[in-house]
Structure formats: structure tokens, C-alpha cells
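> Just to be clear, the model below is a prediction. Sequence and coordinates:
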Amino acid sequence: MAAEAEKAAAEAAALAEEVANQVEKTDEKLKGYEDTEEERIQKTKEDAEEAERQREENDRKQTEEDSSKEDESSQEDKKDEETEKIVESDEENKKDAITEKQNEEKPKKIETPVSSPRKAKESPLDWPYFLLNITQDGEEYEDDIGCILRYNIDNFPISPKFQCSLVTEPSATLLGDSEELVSDVLTIERVDEQGGDKLETPIVVAIPYTSNARMLATREYVVKFLSQGEDQEWKIIPTLSTEGSYKELKSSFAECRVTRIGTYAVVSRLSQDRLTISKKGGVVKSSADNRITVTYPPKACTLISVTLRVQPAESVVTELKERMRHCSDLITASPIIHMTHSTKKPFEKPVTLTIPCPPNPNKSSTPGAANSSGGSGRSEKTNTQQPLRPEGAVVIRATKSSIFGGDPSNDSLHVLFRQGNSAVWNELDGVEIKQVRKDVVAVELEQPVDRLVVLRMTAEPRYPIQNITNTFEKALQIKYANIILQHREDDPQQVAVLCVPSKQLEGALRRLGNDGYEAQADPSPEIPMTEGQEITLKFNGNIKIIGREEMKFTFYSHKRNLVEFSVTETNRFGNYSSSEYRGMAEFYGIPKITLQDMEDPEEVLLKEAEAKAAEKENKGDKKDEKKGKGQKGQDKDKNKDQSDKETSQGLLCKIPVTLPKAEPDPPLPPSRYRTTAIDIGGIVSNTNLKWLSSELGNEWESLATYLGIKRSRVQSIKRNNPSKQDQQILDMLITWRSQCPKSYNKEKKICSALTRCGRYDLAEELRYREEEFEEGNDD
């Protein structure tokens, strides 16, 4: 019996240990609830004491069973039944304890949110919105919405009042490299009692901008902010959304959350892809073109941050070859890759860059591979190559002079790079270029570069590749535009000037026609412009701008660069021989970037040789020719000075401008001069002048010249009486008589003038009439 008791005690101890283990596991499952460490220890001790008490109870019952003289088999059966009951009771007690513990503890965690629920965070884009119209010179334009503001009025101590105005001439620092303005530049001010640029609570500013579906793939939209304080630097601020829309306007909106107000503008820039590269390596993929990747193998570098931007360039190549002679050797080009690394240390392992480069259009579609001197290559079928996998690529160039694409005398690839702010492109020598696909190549880089481009050139280019690359990069920043000048049909003095990209010229002319404007002169030729370039308009000739000497506006390729103003004639009596006033509109502007063509090296050598030969032949004749060409040389110098002056001022183009002359004033009544002309008698009496005006014909204008009447006065007399010549002559004679002093010998002057203009007969008749008049008075 003692052995059985020990066995029972061991089972009870094992049961207690199992219960303790279950308690520990339950505590681990419920450790997320808010129980203190002391409470959990205390509950564990209570469970252990309960197990110990149960064990003592089992020992006591076992002792009573030993003292009884019952049958051994029945005793064993009874013991087994009690043991099972004890086990079941312990398990039930433990389950009840666990359930009670869960019921007591779980509500404590849940009761807090139920009794005091947490308020959901309100999104700024859910705030009420208010339209803000443009205000210029204190006048608000109800039909011109500037921006939209979102804010909760309850968050302000007093009801805020904002005002939006348009900035017509933004600062030159607004746009950076490859950036374009796509919205109006707006200034938001607070005009209530609070004032100031700092706000008590944040607001959301929604700025309308012009979106272009073609730009979404390669460009992104950001909001720039300029504070009202002394810091005159444009800063990029975070945006909540660039795809906002409102039913009041059809434009897209860029929305940003701000705590200060100032000047805002929406700008498009090249899309940026950022990634942090560790020792494990990584791949930076371009969101603008999935063919462009930068693969960093493991242990190529330490922890660095990489930014990748892609500047498309395929559309520029054809136009550049047509406009620039020294770029005629350029066949195709890849996009310009902009990369920024947080460190400039060389890579420990080569970094692979895959970049698209269009094939030679003059070659067959099947790519070939050529082994260059000093390089190794192997040919593979196109369909067996894995796209965008440099490991399975064909080496098409191992040195600078390697050629590929069939005939080795046709074209070659050149990899050029640029570092930092340096304006010089350098060729990457000794680099291995691999053909990944028909239009994709791979390049291995040993060190970080800021910009990289792959050019496909003719085999033997005549011009330096570095100069071609510089011109190619500048051409991406230049946009060709036309300037339009038109007059309003119902009021020719109202003029509209528009600078529009050449691709949008037809649409711009059609829109101006719908707005009531008509063209009196053709648009200007194509002008190379840069984004944000300022244009100054001046008038020469007999036309001027009303109220100002010149007009300034700025060119933006994604905005309507329209200015409207009034013009008038400078001299009302000018252009007397024409039915309209004439002038010239001159447009000036200094571009940020200029393209300069290069002369053919062979032509330069030929010209130098011809100049030397001509100098030897004409050396003896220079002295004789110098005297005869002195005057011509002065004229050439004057023309050259004028041309240099216009070039220094940045003359872009000239457009002729005409204004129709106003209708002549109605003729004055004939009584005007009769009432004002005092008859002084003599040979120049009113009677004689009326008779003389009826006898004279077209020679009266010559007579007016000999009498000393100014040409402008004659034109005025003709406008006063356009249809009656005799009245014109009488007005002229009375004007002359009123200008003469009393003591002046008028008889001698008028007779002399009549004789000089070929009317000697009228001079004699006038003297005869005067003699008869004097004889009649004597009688």
C-alpha cells in the first residue's frame, strides 16, 4: 500500500506540475492585457497552493483507504475512480479559473473605447472649400477663379478673409533645370483684422494647372512656394494630391497643406526615382521608361542614396540635324540620364546601366556584332537573347573605335558623361557596351556620374563629339515659337500680342479669330525661346503704346502668353501720302541658352587658303582701292554698328503695324471764313480772292508753297473741304492774307507767286482789276 501511495503522490505532483505549465502558457497568451507583474505572480502562487492542497487531500484519502479492510480489487477500483474525479475536477477548476480570468481582464481593455470613444482623424481634403477669385488693383473679377481654399472656420478665432492676386512678372529664380511652369503664379494674402502670413491652423490651397497626358509618363507636378518675408527663395512644398478636381472648374488641381501663405506656382519637372542601396546591392528602375535600369551588384558600394531622372530626347535629333550643320553626323541618341549619388566614391564593382538607344534607321532590322581590334565579341540570334539581361548580351563595342550594325564604316556608339556643374561633356573611353536588345544597350560604370548619354554617330565624324553633345543638351531646353500681333476688328487700336510654340500656331490663330481679332501682318518666323524668357516690345515709326513706352511679358510653353493693350499714332499729320499710319513692332529678349553652328573644317581651311592667295595678289593694289572705297567702308561700318546694336539688345523679330486713319472731319460751313475774314480792300480784297480762287486749278498747291503756307496747313485745308476745290483755294488765300503784317507788300508777293507757279495771266488780270477799281473810286 505504501508503494501505491507513493505512486499516487507522484501522479498528483505530476498533475500539479502540468497545471502550473498550463498556467504559464495561459499567462503568455494573455500578456497583452493590462495586468501588472505582481498580479500575475500572485495568481501563479494561488494556483500552486491550490494544487498543493489538492495533493494533501489525495494523501489523506489514500491513508483512509489503507486503514480499511475492504477487498483489494474493490479498493483499487475505488481509488481509480477517485483519481479520475480528482483529475477531472482539477481540469475543470483550471478551466474555470482561466475563463474567469479572461472574463475579468478582457473587458478592462475594451471598456475604455466604449465608454470614451476616440474621435476619427479628419482628412484635410474633407474640409469645406471656398472659391477665391482673382483681385487686381482692388477689383475682384467674379468670372476669373484664382484658387480654392479648404479650411474649417471653427478652428479660427475669427472668420478669416483671404485675397488672391495674379503675379504678372515672377522672379527669374522660379524655374530650375528642365522645369516648366504649368499654372498662374498666385499670391494669397489675409486681409482681415488678424493679417500676417502665419495661420493659427493649417489650410489646404488648391491651385489649378494645365495638365498634359503626354507629360505624365516622364514628368511630375510639384508646388513651389515663396514666402512674403526677406527670404526670396522658391521652395518645393509637399503636396496632398496633384489630381484634385472640382465641379466648378475643369482644370486639374494641385493641393497642399500649409501653415503660412505667400506666393504659389505649380511646376512640372522630370520624374524622380529614389532608392537606398546597401551592401546587398539593388536595382533602380525608371518609372518614365522601364527599359532604363541601374543594377548595383552586392558589395558594389556601401549605404548610399540614389536618385534617377530621365530626360527624353528622341524628338530633338531630327530637328537638330536640320538646323545645325555640325550635328549632321548625329544619327540617333539615347535619353539623357541624370543620376545623383550621396557619395562620389568609385564603385568596388562595376554598376550596369541599361539605356535605350534607337538603331540606325538606314540599317536592316537584324542586329549584327563586330569584333573590334583589341575586343572580343560573339554573335547570337536575337530571339535567344533575354531582354534587359546584360549577362546574355552581345558585346558590340569594347573600345572607342569599335563599330557595329552591319557595315563597319557606317556608324559607331559613343558614351559621354558630365560631372557636377561642369559644362563640358567627356567621352567615356575603354567602356564595354553590350547590346541587350535591338534598341537597348548596357554600359558598365566604374564610378558615379551625374549625367550620361549614348550617341550613335557616323563612323568618321567631321566635328568634335563633345561640341555635338553640348549642342544636343542645349537643344532639349529650347522651344521654337512664333509671335503673333493682331488688331481687333471693331477697334483697330486694340492690339493683342501672343507668343505661342510653333506646334500650336494654327490653333492660336483660330482662337484669336474667334475672339474677334484679325491679322494685318503674318506671324514672325520661328524664334528659339527658353522657358521663362522675358520679351520686351517696343514700337518705332508713327505708332506708339498708349500710356507707356514699352510692354513686357514672359514666354511659357504651357500657358497662353497673351497681352492686350491700346496703340495710337504718334503724329496725326504723319504719313500724309498714305491712307494709314505705319510703324514697326520690335521684340527684344536675351535667351538663357543659345545655339551656335560651326563651320565645316574643310571650308575653313579652304577660305584661309583663298584669303592668303588673294592677299598676295592684291597686295600692290590695296593703296589705290583704299581711296575709292573709303565712303563705302563708312557706310558698311554704320550698317555693322546698327546690326551689332540690335544683336546686343537681343532683337528677336520685327512685325509691321498699321493703323487706318480716321475719317476726315466734316467740311466747315462756307460762312466760317467770311465771318472771320476782314476785308482790307486793295488787291487782296475778298472780292479779288474769290475771283482768283475760281480761276485757279491744281496749281494752287504750288502757289501755297510760294506764298509760304506750310504743308501741314495745306493738308488741313484739304481735309476741311475735301470735295470743293475753290473753297480750298479761298481758305488758303485768306490764311496767307491773315498771316501777313499790315505793312507787308501783299500785291507784289501774290503777283510774284502767281508768275512763279505759271499763272502770269492771272497776275496781270489781278493788277488790271485793281487799276479799274481805283479809277472808279476817283470818279
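In hand now; what should we look at? Predicted, not measured: the structure shown is a model, and the values here were computed from it. Numbering: from 1, shown residues only.

> okay, now Lys250: neighbour count?
Look at Lys250: counted by other C-beta atoms under 10 Å, it has 8 neighbours. In this view, the C-beta of every residue, glycine as well, is placed from N, C-alpha and C.

> what bits of the stretch 301-450 of the chain have low per-residue confidence?
Scanning the stretch 301-450 of the chain for pLDDT under 70 picks out 364-409.

> all strands of it, in order?
304-311, 330-333, 336-341, 351-356, 394-397, 411-418, 426-427, 433-437, 440-445 (DSSP state E, counting those that start in this stretch).

> List just the one of the ones you listed that sits closest to Leu733.
strand 330-333 (77.7 Å; C-beta to C-beta).

> Give the other helices and strands that that closest one contacts.
helix 314-323, strand 451-458, helix 465-475 (3 or more C-beta pairs under 8 Å, 6 or more residues apart in numbering; DSSP states H and E).

> The strands of the stretch 301-450 of the chain into a markdown table, with extra columns for mean neighbour count and distance to Glu701?
Listed next are these as a markdown table, based on neighbours: other C-beta atoms under 10 Å; distance: least, C-beta to C-beta, whole Å:
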| stretch | mean neighbour count | distance to Glu701 |
| --- | --- | --- |
| strand 304-311 | 19 | 69 |
| strand 330-333 | 22 | 67 |
| strand 336-341 | 19 | 71 |
| strand 351-356 | 24 | 77 |
| strand 394-397 | 22 | 84 |
| strand 411-418 | 23 | 73 |
| strand 426-427 | 15 | 76 |
| strand 433-437 | 23 | 84 |
| strand 440-445 | 22 | 82 |
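
> Next one, pLDDT for Asp597 please.
Looking at Asp597, its pLDDT stands at 70.

> Name the SS class of it, please.
Following DSSP: H, G, I helix; E, B strand; the rest coil, we place Asp597 in the coil state.

> can the strands of the stretch 301-450 of the chain go into TSV with extra columns for distance to Ala459?
Shown next, in TSV, are the strands of the stretch 301-450 of the chain (distance: least, C-beta to C-beta, whole Å):
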stretch	distance to Ala459
strand 304-311	27
strand 330-333	10
strand 336-341	24
strand 351-356	21
strand 394-397	12
strand 411-418	6
strand 426-427	15
strand 433-437	15
strand 440-445	17
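
> Where does the prediction get shaky in the stretch 151-300 of the chain?
For the stretch 151-300 of the chain (pLDDT under 70), the answer is 229-231, 248.

> mind listing the strands in it by residue range?
Remark: strands assigned in the stretch 151-300 of the chain by DSSP E, counting those that start in this stretch are 162-166, 180-181, 186-190, 198-209, 219-226, 235-237, 241-246, 249-260, 263-270, 272-277, 282-285, 293-296.

> Show me the one of the ones you listed that comes nearest Asp491.
Checking those against Asp491 by C-beta to C-beta gives strand 162-166 as the closest, at 24.6 Å.

> Could you list the buried residues of that closest one?
Going by neighbour count (16 or more other C-beta atoms under 10 Å), the buried part of strand 162-166 is Phe162, Gln163, Cys164, Ser165.

> can you list contacts of that strand?
132-136, 146-147, 149, 184-191, 261 (C-beta atoms under 8 Å, 6 or more residues apart in numbering).

> List buried residues within those.
Judged by 16+ other C-beta under 10 Å, buried ones among the contacts of strand 162-166: 132, 134-135, 146-147, 149, 184-190, 261.

> Among the residues you listed, which pair sits farthest apart?
Maximum distance among the buried ones among the contacts of strand 162-166 (C-beta to C-beta): 19.6 Å, for Asp184 and Arg190.

> Pull up the distance across stretch 171-181, start to finish.
12 Å (C-alpha to C-alpha, to the nearest Å).

> Let me fix that, I meant to ask about stretch 219-232.
Using C-alpha to C-alpha, the end-to-end distance of stretch 219-232 comes out at 26 Å.

> gap between it and the chain center?
Per C-alpha atoms, centre = their mean, to the nearest Å, the displacement of stretch 219-232 from the mean C-alpha position of its chain is 14 Å.

> Same question for that stretch: list its buried residues.
Neighbour-count burial for stretch 219-232 [16+ other C-beta under 10 Å]: Arg219, Glu220, Tyr221, Val222, Val223, Lys224, Phe225, Leu226, Gln228.

> Roughly how far does the fourth one sit from Gly176?
By that I understand Val222. Applying C-beta to C-beta, to the nearest Å, the value for Val222 to Gly176 is 11 Å.

> before we move on, the earlier item: export the buried residues of stretch 219-232 to a markdown table and tack on distance to Trp700?
Shown next, in a markdown table, are the buried residues of stretch 219-232 (distance: C-beta to C-beta, whole Å):
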| residue | distance to Trp700 |
| --- | --- |
| Arg219 | 73 |
| Glu220 | 77 |
| Tyr221 | 73 |
| Val222 | 75 |
| Val223 | 74 |
| Lys224 | 71 |
| Phe225 | 74 |
| Leu226 | 69 |
| Gln228 | 71 |
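
> which strand residues sit across from the residue most central in space within the chain in the sheet?
The centre of the chain sits closest to Glu180, judged by C-alpha atoms, centre = their mean, with a distance of 1.2 Å. Under DSSP bridges, the beta-bridge partners of Glu180 are Ser268.

> What count of nearby residues applies to Glu142?
Per other C-beta under 10 Å, the neighbour tally for Glu142 reads 8.

> Can you tell me whether I have it right that it is in a strand?
Yes - under three-state DSSP, Glu142 sits within a strand.

> Next up, the contacts around it.
Asn133 are the contacts of Glu142 under C-beta under 8 Å, 6+ apart.

> so where do the helices sit in the stretch 51-200 of the chain?
Using DSSP state H, counting those that start in this stretch, the helices of the stretch 51-200 of the chain run over residues 72-115.

> element containing Thr594?
In the assignment (DSSP states H and E), Thr594 maps to no helix and no strand.

> out of the buried residues of strand 162-166, who's nearest Ile683?
Looking across the buried residues of strand 162-166 and measuring by C-beta to C-beta, the closest to Ile683 is Ser165, at 73.0 Å.

> model confidence over stretch 691-698, on average?
The average of the pLDDT scores along stretch 691-698 is 84.

> May I have the phi/psi pair for the nearest residue to Arg325 once chain neighbours are set aside?
Closest residue in space to Arg325, ignoring its immediate chain neighbours: Asp597 at 5.5 Å, by C-beta to C-beta, 6 or more residues apart in numbering. Dihedral angles phi and psi of Asp597 (degrees, to the nearest 10) take the values phi -80, psi 160.

> Spit out the contact partners of Asp597.
Met324, Arg325, His326 are the contacts of Asp597 under C-beta under 8 Å, 6+ apart.

> list residues touching both of Val222 and Gly176?
Arg269.

> how far does stretch 133-140 stretch from start to finish?
Terminal residues of stretch 133-140 lie 7 Å apart, using C-alpha to C-alpha.

> now what about it, what contacts it?
With contacts defined as C-beta under 8 Å, 6+ apart, stretch 133-140 is touched by Tyr141, Glu142, Asp144, Ile145, Gly146, Gln163, Cys164, Ser165, Leu166.

> let's see 6 Å
Among residues not part of stretch 133-140, those counted as contacts by C-beta atoms under 6 Å, 6 or more residues apart in numbering are Tyr141, Glu142, Asp144, Ile145, Gly146, Gln163, Ser165, Leu166.

> Kindly provide the distance from the fourth one to Gly262.
Yep, that's Ile145 we're talking about. 19 Å.

> same deal with the fifth one?
Relative to Gly262, Gly146 is positioned 14 Å away (criterion: C-beta to C-beta).

> how far does stretch 250-257 sit from the chain's center?
The answer for stretch 250-257 is 16 Å, by C-alpha atoms, centre = their mean.

> now do stretch 340-357
What separates the centre of stretch 340-357 from the centre of its chain is 29 Å, taken as C-alpha atoms, centre = their mean.

> measure it end to end?
Where stretch 340-357 begins and where it ends lie 22 Å apart, using C-alpha to C-alpha.

> same thing with stretch 550-564?
End-to-end for stretch 550-564, by C-alpha to C-alpha: 13 Å.

> Check which residues of that stretch are buried.
Neighbour-count burial for stretch 550-564 flags Met551, Phe553, Thr554, Phe555, Tyr556, Ser557, His558, Lys559, Asn561, Leu562, Val563 (criterion: 16+ other C-beta under 10 Å).
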